[in-house]
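# Predicted model, plus sequence, below.
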Amino acid sequence: MHILVADDDLTCRSLTRGLLKSFGRECTLASDGDEAWASIENTEGPLLAILDWTMPGPDGLELCRRVRALPEGRLVYAMLLTARTGREDVLEGLRSGADDYLTKPCDPQELFARVQVGERMLGLQESLARRVRELEDALHNVQQLQGLLPICSYCKAIRSDQDYWQQVEHYMSAHVAGMRFSHGICPPCYLKEIQPQLDAARKSMLKPSPLREEAPTR
């Protein structure tokens, strides 16, 4: 999972990267808001962004607002890192769209714990987004079955969009995700098709064999 650290203070930026590296995390660095925003826009996949409140270009608050305005499906967890500790500052940061708020100087264990929370949240959101896509695909496949289906009056085969005929189970398997079939025999078909065969076989077994002609005696 990608981590972005944006801070105009070189010492703070390097310290945060060093702490994350000690916890087995790699990150990208940005020295101002413009560089941070370019990294956010160009990152594919889930992104955890640790953003300084005050820096040149878009500050942390503005970056959080932009993150919240990203197209649906972009997964960005925005964490504000700042020396401001007042209650109103915390509320302002959260109202701007920040997912978390961490004050400088940050405790290493607290930083790692909050990063883990962000990673779990992004993982859950990614899993949920994947499930939504799967449901949308399934719904699309079901919707393809709506309307009239050309079906043979005799063998019940279905004519596909490519104008060739398929057995109904093959057609359904190709158009409905996860569709599987088990074959059986319904009672009417059993009486119509199977029972006569069984009766005929039973009669054949019970029918006496013709007597062989005895050879004439001399």
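Here it is on my side, so go on.

# So which residues of this protein form strands?
All strands of the chain, identified by DSSP state E, fall at 2-6, 28-30, 47-52, 76-82, 100-103, 158-159, 165-166.

# winner for burial among those?
Comparing the strands of the chain by mean neighbour count (mean count of other Cβ atoms under 10 Å), strand 47-52 ranks first with a mean of 27. Any C-beta I mention is one placed from the backbone N, CA and C, and that applies to glycine too.

# where does this structure have low pLDDT?
For the chain, the stretches flagged by pLDDT under 70 are 140-149, 153-156, 158-184, 207-218.

# how far away is the most centrally placed residue in it from residue 2?
Geometric centre of the chain, nearest residue: residue 130, 1.3 Å, by Cα atoms, centre = their mean. Using Cβ to Cβ, to the nearest Å, residue 130 is found at 18 Å from residue 2.

# how does the protein divide into domains?
For the chain, automatic domain parsing gives the domain ranges 2-137, 158-199.

# what's the closest non-adjacent residue to residue 100?
Nearest residue to residue 100 in three dimensions, chain neighbours excluded: residue 79, at 4.4 Å (Cβ to Cβ, 6 or more residues apart in numbering).

# So which elements touch the longest helix along the chain?
When the chain is parsed with DSSP state H, its longest helix is helix 108-143. If contacts are counted by 3 or more Cβ pairs under 8 Å, 6 or more residues apart in numbering; DSSP states H and E, helix 108-143 sits against helix 10-22, strand 47-52, strand 76-82, strand 100-103.

# between the second one and helix 10-22, how many degrees?
In terms of direction (axes from the mean of the first three to the mean of the last three Cα atoms, to 10 degrees), strand 47-52 departs from helix 10-22 by 150 degrees.

# Sheet-wise, list the partners of strand 47-52 with their directions.
Here strand 47-52 has these sheet partners by DSSP bridges: strand 2-6 (parallel), strand 76-82 (parallel).

# Residues touching that strand, excluding its own?
With Cβ atoms under 8 Å, 6 or more residues apart in numbering as the test, strand 47-52 has contacts from 1-9, 12, 16, 27, 36, 40, 59-60, 63-64, 67, 75-82, 98, 102, 115, 118-119, 122.

# Equivalent analysis for the shortest one, please.
By Cβ under 8 Å, 6+ apart, the residues outside strand 100-103 that reach it are 50, 77-85, 90, 93-94, 110-111, 114, 117-118.
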